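Student: Provide a 3D model corresponding to the input given below.
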Amino acid sequence: MLDRLPLQVKPDDDVICQALQNEVVLLKLNGQQYFGLGDVGADAWKLLTENGEVAAVAEQLCQNYAGDPATIRSDFHALVGELIEAGLLKAVDV
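Tutor: Below you'll find the predicted structure:
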């Protein structure tokens, strides 16, 4: 896992995304790997592609979903770290 997340991210150039009802399927062309994100993960991906600011997306998810905001942020940060490590997201220079 990453020690520290970047402030802003965007999808890697070789990632194709397809929304299917309440989920998102991601294909990493370099390596031909498929990844699936369920309801909340799909919402997080959509928000990240619209506004790559990690903190802003975390706050939006806290507003969109009931639950402990600290847990929502922690789970979201873990997801972002996993997506970066899988090569699906990359840091944006700000």
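
Student: rest of the way, CA atoms for contacts and neighbours
Tutor: Will do.

Student: Could I get the pLDDT score of the spatially most central residue of the chain?
Tutor: Among the residues of the chain, the one closest to the centroid is Trp45, at 4.2 Å (Cα atoms, centre = their mean). The model reports Trp45 with a pLDDT of 96.

Student: quick one: it is in a helix?
Tutor: Yes: looking at Trp45 with DSSP: H, G, I helix; E, B strand; the rest coil, it is inside a helix.

Student: Would you check how far apart it and Leu37 are?
Tutor: Distance, Trp45 to Leu37, by Cα to Cα, to the nearest Å: 8 Å.

Student: Kindly tell me how buried Ala58 is, as a neighbour count.
Tutor: By other Cα atoms under 10 Å, 22 other residues sit near Ala58.

Student: just His77 next, same as before
Tutor: Other residues lying near His77 total 18 when counted by other Cα under 10 Å.

Student: Output the contacting helices and strands for the host helix or strand of it.
Tutor: Using DSSP states H and E, His77 sits in helix 69-85. Using 3 or more Cα pairs under 8 Å, 6 or more residues apart in numbering; DSSP states H and E, the elements in contact with helix 69-85 are helix 54-64, strand 89-91.

Student: Save the ones you listed as TSV, and put in mean pLDDT and distance to Gly81 too.
Tutor: Putting these into TSV (pLDDT from 0 to 100; distance: least, Cα to Cα, whole Å) gives the following:
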stretch	mean pLDDT	distance to Gly81
helix 54-64	97	11
strand 89-91	94	9
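
Student: any idea which of those is most buried?
Tutor: Of all the helices and strands packed on helix 69-85, strand 89-91 carries the top mean neighbour count, a mean of 19, counting by mean count of other Cα atoms under 10 Å.
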